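Asker: model this:
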Amino acid sequence: MVPLSAPVLAQDKAVPQSQLEMQLSFAPLVKQARGAVVNVYAERLVERRTNLFAGDPFLEQFFGQRMPNRTEKQSSLGSGVIVEENGIVVTNNHVIDGADDIKVALADGREFPVKVLLKDDRLDLAVLKFETDEKMPTLPIGNSDQTEVGDLVLAIGNPFGVGQTVTSGIVSALARNQVTEGDFGFFIQTDAAINPGNSGGALVDMKGQLIGINTAIFSKGGGSNGVGFAIPGNLVRVFLDAADRGEQSFERPYIGASFEPVTSDVAEALGLKTVRGALVMNIAEDGPAAKAGLKAGQVVTAVNGIPVEHPDALGYRLTTTGLGKTAQLTVEESGREEVLDLTLAAAPETRPRDIQLVEGRSPFAGTRIANLSPRVAYELRLPTEATGVVITEVVRGSPAARLGFAPKDILVSVNGVNINAVDDVMKLADSDPGFWRVEIERDGQRIRQIFR
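Answerer: Below is the predicted model of the structure:
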């Protein structure tokens, strides 16, 4: 477990008071930190189709694979940070995702092959390990909750592959969400120049501590426009702890509730003083939120005394609290506040998933289906309160594939019969009604279709 750093009081921070202080240099801090920042090289083999008919099972049957596909090697470049002396490196998942060969290059030019200990595309984090007999320079992980807007920071990485580069700036915002396409939404924003190749590099505070992993830029042209984003150090610490424990996947707490942002209209209707928080929408029966006493219509305004800006911030605070712990939720309703204790646990598999392949002549022939539970929903990135039966796979060229069924489609009803379990689908698939009236849920939308 990486310990939190000692707190820094607001009165301990100061702006330059003289011309001499303005001439102070970041060089000693850079010398202290740069040895722990590495370049990450990832190579993957990609198959290029040279057969015009490849991918079409009908045409392949008649024309075959007469022209073999061509394999090409693609390379990507990013950065990483050594966080443990035995060669443990933290970087972004997108830097190494799908790679067949990954290497890190140290600041002194030495290269080492690495293995991936843990990765997660939802958080865009990965932990790597290279073998070494010597103690590597490291960056200690700071307490990112102590970071304030206006703090000076350095960004260290390898932009555009030109070599290790250091840029400076300030923290320009906190708790930013809706930055990437992933489902993680709690970033430190900085105006320190971050460019392609900086991904996975270090965001360092003035104490020489890692307060973030640089991960994204906000730019239409691909260059730095003074708006960069970093994954907070406290989340990096929790992720690293999971890798150190040898876990094969990273688990986030199952809440058993859905939330929406508090808008100005919602705040006015509920009599809230500020437009922030997470509005409780739905509560899963017997879930952690229900057991804690959370109710629809309440607004979660803080976790463990730390204000919550939006639902993504709530998820971040619970994740960094950690599984097995108890989080104190401050909730507001009708102008009254109360504190609820929420036990944090992984999403449970409340009923057997019972995965089966549907065969026969029904529209679902060629699908693999499973009973939904919070665990299955979490794995498929569906709302954890989703219920019923979900399609986990569609066999290529099957009737279901031709009719447009897709993985993660939730079967709602067939010919007016509600679908609650895999057995319901299997029984209906054996019938021959002449036509099929099917209702599914896809990306939160209900779709109704009739098949003959």
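Asker: which stretches of the stretch 201-350 of the chain form strands?
Answerer: Secondary structure of the stretch 201-350 of the chain by DSSP state E, counting those that start in this stretch: the strands cover 202-204, 210-217, 228-232, 257-261, 278-283, 299-303, 306-307, 326-333, 336-343.
Asker: and the ones you listed, which is most packed in?
Answerer: strand 202-204 (a mean of 32; mean count of other Cβ atoms under 10 Å). Quick note: C-beta positions are derived from backbone N, CA and C, even for glycine.
Asker: what's next to that strand, contact-wise?
Answerer: Strand 202-204 is contacted from outside by 29, 33, 36-37, 79, 81, 139, 153-157, 188, 190, 192, 210-214, 230, using Cβ atoms under 8 Å, 6 or more residues apart in numbering.
Asker: adding mean pLDDT and distance to Arg122, write the strands of the stretch 201-350 of the chain out as CSV.
Answerer: Formatted as CSV, the strands of the stretch 201-350 of the chain follow (pLDDT from 0 to 100; distance: least, Cβ to Cβ, whole Å):
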stretch, mean pLDDT, distance to Arg122
strand 202-204, 95, 20
strand 210-217, 88, 13
strand 228-232, 92, 12
strand 257-261, 92, 17
strand 278-283, 92, 18
strand 299-303, 94, 19
strand 306-307, 92, 22
strand 326-333, 94, 20
strand 336-343, 94, 21
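Asker: as a markdown table, those with distance to Leu272 would be great.
Answerer: Output for these, formatted as a markdown table (distance: least, Cβ to Cβ, whole Å):
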| stretch | distance to Leu272 |
| --- | --- |
| strand 202-204 | 33 |
| strand 210-217 | 30 |
| strand 228-232 | 26 |
| strand 257-261 | 12 |
| strand 278-283 | 10 |
| strand 299-303 | 6 |
| strand 306-307 | 13 |
| strand 326-333 | 7 |
| strand 336-343 | 11 |
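Asker: the ones you listed: which one's closest to Thr91?
Answerer: Nearest to Thr91, of all the strands of the stretch 201-350 of the chain, is strand 210-217, at 7.3 Å by Cβ to Cβ.
Asker: the closest one packs against which elements?
Answerer: Helices and strands touching strand 210-217, as assessed by 3 or more Cβ pairs under 8 Å, 6 or more residues apart in numbering; DSSP states H and E, comprise strand 70-84, strand 152-157, strand 187-190, strand 202-204, strand 228-232, helix 233-244.
Asker: quick one, which of the ones you listed gets closest to Val331.
Answerer: It is, among those and with distance given as Cβ to Cβ, helix 233-244, at 22.9 Å.
Asker: so which bits of that closest one are buried?
Answerer: For helix 233-244, the neighbour count (16 or more other Cβ atoms under 10 Å) marks Gly233, Asn234, Leu235, Val236, Arg237, Val238, Phe239, Leu240, Ala242, Ala243 as buried.
Asker: for those, give me CSV that also has distance to Lys115.
Answerer: As requested, those are arranged in CSV below (distance: Cβ to Cβ, whole Å):
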residue, distance to Lys115
Gly233, 24
Asn234, 26
Leu235, 22
Val236, 19
Arg237, 21
Val238, 21
Phe239, 17
Leu240, 16
Ala242, 16
Ala243, 11
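Asker: let me know the closest of those to Asp424.
Answerer: Nearest member of these to Asp424, counting by Cβ to Cβ, is Ala242, at 37.4 Å.
Asker: out of the strands of the stretch 201-350 of the chain, nearest to Asn420?
Answerer: Comparing those by Cβ to Cβ, strand 278-283 comes nearest, at 18.3 Å.
Asker: tell me what the closest one is packed against?
Answerer: On a contact count with 3+ Cβ pairs under 8 Å, 6+ apart, strand 278-283 meets strand 257-261, helix 288-292, strand 299-303, helix 311-321.
Asker: the ones you listed: which one's closest to Ser18?
Answerer: helix 311-321 (39.1 Å).
Asker: average pLDDT for the closest one?
Answerer: What helix 311-321 shows for mean pLDDT is 94.
Asker: tell me where the model's unsure across the stretch 151-300 of the chain.
Answerer: 180-183, 217-226 (pLDDT under 70).
Asker: at 80 instead, please
Answerer: 159-163, 178-184, 196, 216-226 (pLDDT under 80).
Asker: how about the helices of this structure, start to end?
Answerer: With helices called from DSSP state H, the chain shows them at 19-22, 27-33, 57-63, 93-96, 233-244, 264-270, 288-292, 311-321, 374-380, 399-402, 422-429.
Asker: let's have the ones you listed in a markdown table, adding distance to Phe184.
Answerer: As requested, the helices of the chain are exported to a markdown table (distance: least, Cβ to Cβ, whole Å):
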| stretch | distance to Phe184 |
| --- | --- |
| helix 19-22 | 38 |
| helix 27-33 | 25 |
| helix 57-63 | 38 |
| helix 93-96 | 11 |
| helix 233-244 | 8 |
| helix 264-270 | 24 |
| helix 288-292 | 21 |
| helix 311-321 | 7 |
| helix 374-380 | 14 |
| helix 399-402 | 32 |
| helix 422-429 | 32 |
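Asker: and the ones you listed: which comes nearest Gly163?
Answerer: Set against Gly163 and scored by Cβ to Cβ, the helices of the chain come closest in helix 27-33, at 13.8 Å.
Asker: other SSEs contacting that closest one?
Answerer: Helix 27-33 packs on strand 152-157, strand 202-204, going by 3+ Cβ pairs under 8 Å, 6+ apart.
Asker: could I get the buried residue list for stretch 287-300?
Answerer: Going by 16+ other Cβ under 10 Å, stretch 287-300 has these buried residues: Gly287, Pro288, Ala289, Ala292, Leu294, Gln298, Val299, Val300.
Asker: which among these gets closest to Gly404?
Answerer: After measuring these against Gly404 - Cβ to Cβ - the closest member comes out as Gly287, at 33.0 Å.
Asker: is it true that that closest one touches Gly256?
Answerer: Yes - with contact taken as Cβ atoms under 8 Å, Gly287 and Gly256 are classed as touching, separated by 2.0 Å.
Asker: shared neighbours of these two, anything?
Answerer: Common contacts of Gly287 and Gly256, defined by Cβ under 8 Å, 6+ apart, comprise Pro374, Glu385.
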